[in-house]
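> What would the 3D arrangement of this be:
(2 chains)
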Amino acid sequence: MTELLARLARSPQGALGLALVAVVAAIVVAGPMLAPYGPDTMSVLTRYQSPGVGHWLGTDQYGRDILSRLLYGARATVLMALLATALGTLAGACLGTTSAFLGGRADEAIMRTVDAVMSIPSLLFALLIVNLLGKSSLNALVAIGIAFAPGMARITRSVALAVRKQDYVSAAIARGESSAYVVFREMLPNVVAPVVVEMTIRVAFAVMLFATLSFLGLGAQPPASEWGLMVAEARRYMHLSPWMILWPSLAVALVAIAFNLLGDGLRDALNPRT
Amino acid sequence: MAHTLEIRDYTLDYATPKGAVHALEAIALTVDRGEVLGLVGESGSGKTSLAWAILRYLPANAIERRGDIRLSGRDLRAATPAELGAIRGRRIGMVFQDPGTSLNPTLPLGEQLAEVLVRHRGLTRRQAWREGEAMLARVGLKTPADMMRRYPHEASGGEKQRVVIATAFACQPELIVFDEPTTALDVVTAGQILDLFGELQAETAVASLYISHDLALVSRVADRVAVMHRGRIVEQGEVGSVFADPHEDYTRHLIAAVPRPDRRLVPAGPTAAVAPLVEIRDVGVRYGRPSIVDSLLGRAARSVVGNRAVSLTVRPGEILGVVGESGSGKSTLAKALTGLNRFEGEIRLDGRRVTGIGDMDRDYRRAVQIIFQHPDSSLNPRQRIREILSRPLEIYGDSEGRERAAAITDLLAQVQLPADYAGRFPHQLSGGEKQRVAIARAFASHPKLVICDEITSALDVSVQAAVVDLLVELQRRHGTAYLFITHDLNLVRQIAHRIAVMYRGDLVELLEADAFDSPRHPYTRTLIDAVPTPAG
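Residues are numbered from 1 along each chain as shown, chains lettered A, B, ... in the order given. Got it, this is the predicted structure:
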């Protein structure tokens, strides 16, 4: 693990990604403690303020401190995106590994279904699911998870097919192990590395997708300080106070870039040939 | 006159994140016109690094400390890239292990051969093409004109290696470097390539550096031999004197490890009178299933035969050798016996009938264990040795808790590994140690039959000897029967009681080990003739 971090830190993008993700993680964990104000503390006197001494990033239409809202909102956005990606990855990895293990007709059936689902754009698919389940953060999380699962299944399957050919899998089958044992104990631990890389890059998409769903009013609901929702609310006041829309947009972009860089760095660090 | 190849005091390191690794140290050797120098050593001894150094294809992290490499007096280390381009192919030829990767898959074989002639000998395309055909005829290809137009995937491994050899000899170079040229080929094909090498060598009087891990082979093809060990040449001299009277301990150790058919390692086996342990009756395996499109259109499945109605018996406590080239169905039989492949026919274990994978219950699986060829892939890299060994104990259930820890220690002791290896991961073990763990795993269930599928072919010769000794020792102690699958005839004749010869999915002959020299089937004859036995 320490060796992996050392390898990661050696490439510039890996190091930058790691540093940015560390900052994001710190904000997710300690954000509310760092925030100078409460996320919902309103003040009529300080509405639409530009960045300044009292409010570093300015205030919104109710006089709420934007920096504090961003710090609180990190959990609602980043943590939710992480959970959604984890859900999608777990489901996809299990599906892909099982498909590779079963092979034959079952594999064919699973993968063609995955193809069919993947042909629907993930945003559209997530919208569909949220509409079926109802508007809430939790449902948006589930929707993103389900939308990501087929892609992860496809990637996991390609890795698992190589693992399937390894002799330790044959040895387990020859020993008379159950299919579940072979899939979960022998195969799954060996497909983790490339899947983690893919998952890291997907987090970036999940952050944007989650923000998009909230922006469209299907994810987090007011008065939550979820970043996409903040952008949606600020849109109406764009001409009055452009700062309001700039900061949460920047935050989403920054987190997406951070995870993208980390994912690229991880891919290089986990590749034994570099 | 200068030697064709002269290397003096050559020392090479590789820079790695963990510091410099010494790859070659104070290498000194010469090869003269018409001479074959055999370079032998185990994996990691630096043989291939030396070949790259001579060809000036060193990786970016190579650091050449000192020494020089001269081709007919010309210092290759001082040559510019452009000069090297003119030297490689023209004055130094090369033949590598895998003909599949040394040829460009997108160009016809003739193009690749003619290109060399155009570039280095200044022929026109038409001349080069004609010359290429003549070369292919010379290397024993039956239809050279046709072969020139084929793509690499349309030629067999042996044919491709002949084309590579033709290319290497095409410009009448002074020196040719052969790096394990027959290792990737089948026994019979390898034998033919060796004969061809001998003829061309005698005809052209080229200086050859022949790199191989196979001592028996080198003792047959080389005039002089250099033995490498950990980046140094430990011994060098005439083939006859080095093999007959080695001076260094390492050389002696290496030569002693080479399997010799006349040195039997096992006592006489059980006679035909005892009831057989396993009876294999008409077992056949087909690969391939109908695709959805095929079944929709009602087309028959295009299946490939892996085995055709193989029948044989294994007696209790017997070592039954199974030999044949790749694709002969040896491993397919092993997979059928362990339930990894569907099969037709029946298997009887101690009189119990097994006609399909469904019949293979816990008792059957406990009695029949398998060890695979590649130690790297037969142990799960994410599990510690303890987990790997405790699993069979767990599912064939005869020990628990503290008893199980003791059982693992005992298993490790049986394969001569220290008890603290239980806490290690496979990547912390060497190839030979990993194979010992795989053996321990197979013996954990007290099996009656252990199928050894080429289990020594990925190992170095000295490690192979130790693993074979261990197998013989375990066999003596437990009375386990082995189905010992290998392509190494010398090895199988050392340890097997009976030998089954397979060819293209058929069992062609089953011989007592002492009758192996007088086979009835012509294929067995070809096989025996193709294998070099160690000199001396």
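> middle-most residue in the chain, spatially?
Picking chain A for this. A:V203 (2.6 Å; Cα atoms, centre = their mean).
> you looked at the wrong chain, it should be chain B
Short answer for chain B (Cα atoms, centre = their mean): B:S457, at 5.1 Å.
> any idea how far B:H487 is from it?
Distance, B:S457 to B:H487, by Cβ to Cβ, to the nearest Å: 7 Å. No exception for glycine: its C-beta is placed from N, CA and C like everyone else's.
> And B:D179, by the same measure?
B:D179 is 20 Å from B:H487, by Cβ to Cβ.
> Over to B:R126?
43 Å.
> burial of the nearest residue to B:I176 once chain neighbours are set aside, as a residue count?
Taking Cβ to Cβ, 6 or more residues apart in numbering or on different chains, and ignoring the residues beside it in sequence, B:I176 has B:G93 as its nearest neighbour in space, at 4.0 Å. Using other Cβ atoms under 10 Å in any protein chain shown, B:G93 is surrounded by 25 other residues.
> again with A:Y72
22.
> you'd agree it is up against A:A30?
No: A:Y72 is not in contact with A:A30 according to Cβ atoms under 8 Å; the separation is 11.3 Å.
> how about the residue in the stretch 401-536 of chain B that chain A sits nearest to, what does it touch?
Nearest residue of the stretch 401-536 of chain B to chain A, counting by Cβ to the nearest Cβ: B:R441, 7.4 Å away. By Cβ atoms under 8 Å, 6 or more residues apart in numbering or on different chains, the residues touching B:R441 are A:171, B:369, B:388-389, B:391-392, B:411.
> A:G96 now?
So A:G96 contacts A:152-160, A:191 (Cβ under 8 Å, 6+ apart).
> Convert stretch A:198-216 to CSV, retaining C-alpha atoms only.
Presented in CSV, the C-alpha positions along stretch A:198-216 are these (Å, rounded to 0.1, in the frame of the first residue of the first chain):
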residue,chain,number,x,y,z
GLU,A,198,-12.2,2.4,-13.3
MET,A,199,-14.2,3.1,-10.2
THR,A,200,-12.0,6.1,-9.4
ILE,A,201,-12.6,7.6,-12.8
ARG,A,202,-16.3,6.9,-12.5
VAL,A,203,-16.5,8.9,-9.3
ALA,A,204,-15.8,12.0,-11.4
PHE,A,205,-18.8,11.1,-13.6
ALA,A,206,-20.9,10.3,-10.5
VAL,A,207,-20.2,13.7,-9.0
MET,A,208,-21.3,15.4,-12.2
LEU,A,209,-24.3,13.1,-12.6
PHE,A,210,-25.4,13.6,-9.1
ALA,A,211,-25.1,17.4,-9.4
THR,A,212,-27.0,17.2,-12.7
LEU,A,213,-29.9,15.2,-11.1
SER,A,214,-30.1,17.8,-8.3
PHE,A,215,-29.9,20.6,-10.8
LEU,A,216,-32.9,19.2,-12.5
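> Could you check how many residues crowd around the residue lying closest to B:Y287 once chain neighbours are set aside?
Excluding the flanking residues, the one nearest B:Y287 by Cβ to Cβ, 6+ apart is B:V304, at 4.5 Å. Close neighbours of B:V304, defined as other Cβ under 10 Å, add up to 9.
> swap in the one 4 residues further on?
Using other Cβ under 10 Å, B:R308 is surrounded by 16 other residues.
> if you skip the residues just before and after it, what's nearest to it?
Per Cβ to Cβ, 6+ apart, closest to B:R308 is B:G505, 4.8 Å.
> The one you found: how many residues sit nearby?
22.
> dump the residue contacts of it.
By Cβ under 8 Å, 6+ apart, the neighbours of B:G505 are B:305-308, B:328-329, B:332.
> Out of the residues you listed, who's the most crowded?
B:N307 leads the contacts of B:G505 on contacts (other Cβ under 10 Å) with 28 neighbours.
> Spell out the secondary structure type for that residue.
strand (DSSP: H, G, I helix; E, B strand; the rest coil).
> Quick one: list the elements packing against the one helix or strand in chain A whose mean pLDDT sits lowest.
Sorting the helices and strands of chain A by mean pLDDT, DSSP states H and E puts helix A:2-10 at the bottom, at a mean of 77. Applying 3 or more Cβ pairs under 8 Å, 6 or more residues apart in numbering or on different chains; DSSP states H and E, we find helix A:2-10 packed against helix A:12-34, helix A:243-270.
> Need the residues that contact it.
Residues contacting helix A:2-10 (Cβ under 8 Å, 6+ apart): A:14-15, A:18, A:262, A:265-266, A:268-270.
> TSV please, covering these and showing distance to A:G52 and pLDDT.
Shown next, in TSV, are these (distance: Cβ to Cβ, whole Å; pLDDT from 0 to 100):
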residue	distance to A:G52	pLDDT
A:G14	37	85
A:A15	33	88
A:L18	33	89
A:L262	33	89
A:G265	37	86
A:L266	40	85
A:D268	42	81
A:A269	42	80
A:L270	45	75
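> who wins for neighbours among those?
These, ranked by neighbours (other Cβ under 10 Å): first place A:L262, 28 neighbours.
> Which residue is the nearest non-sequential neighbour of it?
A:G17 is the one closest to A:L262 (Cβ to Cβ, 6+ apart), at 3.4 Å.
> give me the number of residues near that neighbour?
Count around A:G17 with other Cβ under 10 Å applied: 23.
> In this structure it contacts A:R267, no?
No: assessed by Cβ under 8 Å, A:G17 is found out of contact with A:R267, at 10.8 Å.
> For A:S225, which three-state class applies?
Quick answer, by three-state DSSP: A:S225 is coil.
> Quickly note the distance from it to A:A140.
15 Å.
> Out of these two, name the residue with the larger neighbour count.
Using other Cβ under 10 Å, the more surrounded residue of A:S225 and A:A140 is A:A140, with 29 against 26.
> if we can go back for a sec, measure the residue lying closest to the residue nearest to the centre of chain A once chain neighbours are set aside to A:V252 for me?
Leaving aside its chain neighbours, A:V203 sits nearest to A:F259 (4.3 Å; criterion: Cβ to Cβ, 6+ apart). For A:F259, the distance to A:V252 equals 11 Å [Cβ to Cβ].
> Just give the number of residues close to whichever residue of the stretch 101-250 of chain B sits closest to chain A.
Using Cβ to the nearest Cβ, the closest approach of the stretch 101-250 of chain B to chain A is made by B:T101 at 16.1 Å. The local packing of B:T101 (other Cβ under 10 Å) involves 12 other residues.
> what helix or strand does it sit in?
Using DSSP states H and E, B:T101 sits within helix B:99-102.
> Kindly export that helix (C-alpha atoms) in CSV.
As requested, the backbone C-alpha atoms of helix B:99-102 are provided in CSV (Å, rounded to 0.1, in the frame of the first residue of the first chain):
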residue,chain,number,x,y,z
PRO,B,99,8.9,-17.4,-34.2
GLY,B,100,5.4,-16.2,-33.6
THR,B,101,6.5,-12.8,-32.2
SER,B,102,9.7,-12.3,-34.3
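> got a list of contacts for that helix?
B:95-96, B:152, B:157, B:160-161, B:163-164, B:184.
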